[in-house]
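Participant: Next input, structure requested:
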Amino acid sequence: MSKKAFGIDIGGSGIKGAPVDLKKGKLAEDRLRLETPQPSTPEAVADTVAGLLAGFEIADDMPVGVTFPAVIQQGVALTAANVDKSWIGTDVDTLLTERTGHDVFVVNDADAAGIAEMEFGAGRGTKGVVLVVTLGTGVGSAMFVDGKLVPNAELGHLHLAGEAARAYQDAEKYMASSVREIEDLDWETWAGRLQEYFAHVEFLFSPTRIIVGGGVSKKHEKFLPLLDLRTEIVPAELRNEAGIVGAAVLARREEKALQKKDTKHGKKHGK
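Facilitator: Next comes the predicted model:
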């Protein structure tokens, strides 16, 4: 894998990015953060992404990975969370590639964080099914089988069978980190809700390891020891920069795959 790629993390309030050292799994320069435009339409966000890239001196052929808060299939946004609904049906890959002049590869934001954990964090070298679950405003999830990503695993939207949980419908509305704060739950009570969720996930997927991310993972000692699972459950090692790092890793992988494909067919790569 080449030494560098660029990662950008698009969120509802901010768009942040930096070149990434792919040998170390760390930012190669200080990240730049710009406000997400409001309304966050495709054209406005594309302009902001182009502006962010213009803030760095990077090679024209450096691939760019971009996280996006949506289900992504073949570069197209099928949903839109915390961004304008006009993104639904937009070919995000093509839009950002044309606007920036770089090869852009878009990935679901939770999948990007998972890629970073599998490459440089708590998932390194782990075989079998690995689940990376981020506890924040909602619940993000990424699933890997023998290190290979199964994209768009929306496990925060599972329905739990417990009587209390059923009233909340989606699992994330019952046990996200934001819910603990809004309802002022103590750690033991919140851990009880996490137990319901993770026990259900464990039953469905029989994972080898569960990795818990999100800001609350900094306080993992307050709730992870309270869980009773067969599966090893550990805190994430990459936190704030996981999206940027994971997006960059994906961009370099996808770039190399396209180059290999083009070489096989006697073409010069260019999206």
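
Participant: per-domain residue ranges of the protein.
Facilitator: 4-109, 122-235 (automatic domain parsing).

Participant: what residue is smack in the middle of this protein?
Facilitator: Nearest to the geometric centre of the chain sits Ala110, at 2.4 Å (Cα atoms, centre = their mean).

Participant: Restrict the helix or strand that residue falls within to CA atoms and write it as CSV.
Facilitator: Following DSSP states H and E, one finds Ala110 within helix 109-120. Extracted in CSV, the C-alpha atoms of helix 109-120 (Å, rounded to 0.1, in the frame of the first residue of the first chain):
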residue,chain,number,x,y,z
ASP,A,109,-19.2,6.8,7.9
ALA,A,110,-19.5,3.8,10.3
ASP,A,111,-17.8,1.5,7.7
ALA,A,112,-14.9,3.9,7.5
ALA,A,113,-14.4,3.9,11.2
GLY,A,114,-14.5,0.1,11.2
ILE,A,115,-11.9,-0.1,8.4
ALA,A,116,-9.6,2.0,10.5
GLU,A,117,-10.0,-0.3,13.5
MET,A,118,-9.4,-3.4,11.5
GLU,A,119,-6.3,-2.0,9.8
PHE,A,120,-4.7,-0.2,12.8
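
Participant: Report all helices and strands that it contacts.
Facilitator: Judged by 3 or more Cβ pairs under 8 Å, 6 or more residues apart in numbering; DSSP states H and E, helix 109-120 is in contact with strand 4-10, strand 64-68, strand 129-135, strand 139-145, strand 148-150, strand 209-213, helix 242-264. For glycine as for every other residue, the C-beta is placed from the backbone atoms N, C-alpha and C.

Participant: Which positions within the shortest one qualify as buried?
Facilitator: By neighbour count, with 16 or more other Cβ atoms under 10 Å as the criterion, the buried positions of strand 148-150 are Leu149.

Participant: Would you mind listing the outside residues contacting that strand?
Facilitator: By Cβ atoms under 8 Å, 6 or more residues apart in numbering, the residues outside strand 148-150 that reach it are 111, 114-115, 118, 142-144.

Participant: Kindly report the same for the fourth one.
Facilitator: With Cβ under 8 Å, 6+ apart as the contact definition, strand 139-145 has outside contacts at 108-111, 113-115, 117-118, 123, 128-134, 149-150, 153-156, 171-172, 175-176, 205, 213-214.

Participant: So in terms of bridging, what pairs with the closest residue in space to the residue nearest to the centre of the chain that isn't next to it in sequence?
Facilitator: In this structure, Ala110 finds its nearest non-sequential neighbour in Gly140, 3.2 Å apart by Cβ to Cβ, 6 or more residues apart in numbering. Taking DSSP bridges, one obtains Thr134 as the residues bridged to Gly140.
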